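Q: what follows is a protein structure lacking sequence information:
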């Protein structure tokens with residue numbers, strides 16, 4: 001899965017049109033999730049979601065059902081949150097058996113690089 005990046009929506013559209021016209025190759029990270037700002041990305045890191053990440057890291061649940069039990073959160077709510085955290089590159093869902101998926105933390109830290117003179121967007125780096 002491609003890593004998330006910070007990129008203005010207008011830049012994403014311009015990049016897609018340029019690739020469609022054949023003016024440039026598709027970026028290697030095509031298909032990843034883009035966030036308009038670093039703030040949009042970091043809004044995922046609420047205290048509840050950070051507690052959930054810590055729970056996944058420390059307890060290593062063997063399934064989403066196991067995580068529901070450990071966290072006390074409702075399954076539909078937890079599934080939506082896991083999808084957002086997965087899209088953001090913070091967790092992965094690893095197959096265990098034929099149908100069971102277990103959440104695993106994929107990052108140790110998030111680094112943000114901000115160019116104070118640029119309006120082109122900031123950079124995110126996820127550290128494993």
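A: Perfect, thanks for sending it. Bear in mind the structure is a predicted one, so any value in this text is a computation, not a measurement.
Q: can you pull the pLDDT of the spatially most central residue of the chain?
A: The centroid of the chain falls nearest to residue 88 when counting by Cα atoms, centre = their mean (0.8 Å). Note on residue 88: pLDDT of 88.
Q: buried ones in whatever helix or strand residue 10 lives in, by neighbour count?
A: Using DSSP states H and E, residue 10 sits in helix 9-20. For helix 9-20, burial by neighbour count (16 or more other Cβ atoms under 10 Å) applies to residue 15. For every residue, glycine as well, the C-beta is placed using N, CA and C.
Q: low-scoring stretches of this protein, by residue?
A: Segments of the chain classed as low confidence (criterion: pLDDT under 70) are 1-3, 5-9, 12, 28-32, 119-122, 124-125, 127-128.
Q: how about the strands in it?
A: 5-6, 34-35, 91-96, 100-105, 109-113, 123-127 (DSSP state E).
Q: just so I know, which of these lies nearest residue 19?
A: strand 34-35 (14.1 Å; Cβ to Cβ).
Q: contact partners of stretch 100-119?
A: 38, 45, 53, 56-57, 60-64, 66-67, 82, 89-96, 122-128 (Cβ atoms under 8 Å, 6 or more residues apart in numbering).
Q: centre of the chain to it, how far?
A: 7 Å (Cα atoms, centre = their mean, to the nearest Å).
Q: one step back: the residue nearest to the centre of the chain: what's it in contact with?
A: 4, 33, 41, 44.
Q: no further questions, thank you.
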